[in-house]
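Enquirer: Sharing a model prediction with you, sequence too.
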Amino acid sequence: MCRHHKIKFRLYVLDYTMPSTKPKRTSMNIYSGKVSLRLDKFLLDGRLIKQEIVEHQPSVGVIPLIKDSEILFVSQYRNAAGRRLLEIPAGSIEKGETLRRAALREMSEEIGYVGKLTPLLQMYLAPGYNTEYIRIYIAKDLKRTDQISRDDDENIRIRRISVHSAIKKCINGEIKDSKTIAAILAFDKFMSK
């Protein structure tokens, strides 16, 4: 196949898969709390679609790096999963808080450290039903704060794991949290540049 055809094919696929306009929707609030639930109705290709959407505050996550070779993780019980999960420190952005301030606060509250932040990754966590958008940072030059302050539902244990071992745990399924897997694999790619 010549290069000219390859480029044409790629452009065709991009034009075909990306709709030019966002469908108009109506929304009805079903529940309001720490997270909210709404029912959306919208037309998509001439069909009426009804979809329940979880509304969640934007969030931040942090890869706390020690000497470029180890990461501080949190291990905590997650009721929805019915088990303890190994995760990077993360949490919701509070009203009026900057992204960086939220990241430093979450680190301080969950692991008792702060550090120099470098943006790494941003993504939707579960866009099929959830509005949560997360920004992930790398934190270096960690300094102890001794200001651990956890929410009632946080039963956190701190674990120090080598970068190499963390990558293996993402691949072999020992780490099951999607934000953590995406963050660690993106970090690995970032460090190999």
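Expert: Thanks, I have the structure now. Note that the structure is predicted; figures quoted are calculated from it, not measured. Numbers count the residues shown, from 1 in each chain.
Enquirer: Where does the prediction get shaky in the protein?
Expert: For the chain, applying pLDDT under 70 flags the ranges 1-21, 147-154.
Enquirer: If we use 90, what do you get?
Expert: Across the chain, the ranges flagged by pLDDT under 90 are 1-25, 33-34, 45-46, 68, 146-155, 190-193.
Enquirer: Helices of that one, start to end?
Expert: 3-17, 99-111, 163-172, 178-191 (DSSP state H).
Enquirer: domains of this protein?
Expert: Using automatic domain parsing, the domain parsing of the chain gives 21-55, 59-191.
Enquirer: Now do the contacts for the residue lying closest to Tyr124 once chain neighbours are set aside.
Expert: Nearest non-adjacent residue to Tyr124, counting by Cβ to Cβ, 6 or more residues apart in numbering: Tyr133, 5.5 Å away. Just so you know, the C-beta spots here come from the backbone N, C-alpha and C atoms, and that holds for glycine as well. Tyr133 is in contact with 58-59, 122-125, counting by Cβ atoms under 8 Å, 6 or more residues apart in numbering.
Enquirer: again, but for Ala186
Expert: 120-121, 136.
Enquirer: Kindly recompute the last result at 7 Å.
Expert: 120-121 (Cβ atoms under 7 Å, 6 or more residues apart in numbering).
Enquirer: Equivalent analysis for Ser69, please.
Expert: By Cβ under 7 Å, 6+ apart, the neighbours of Ser69 are 162-163.
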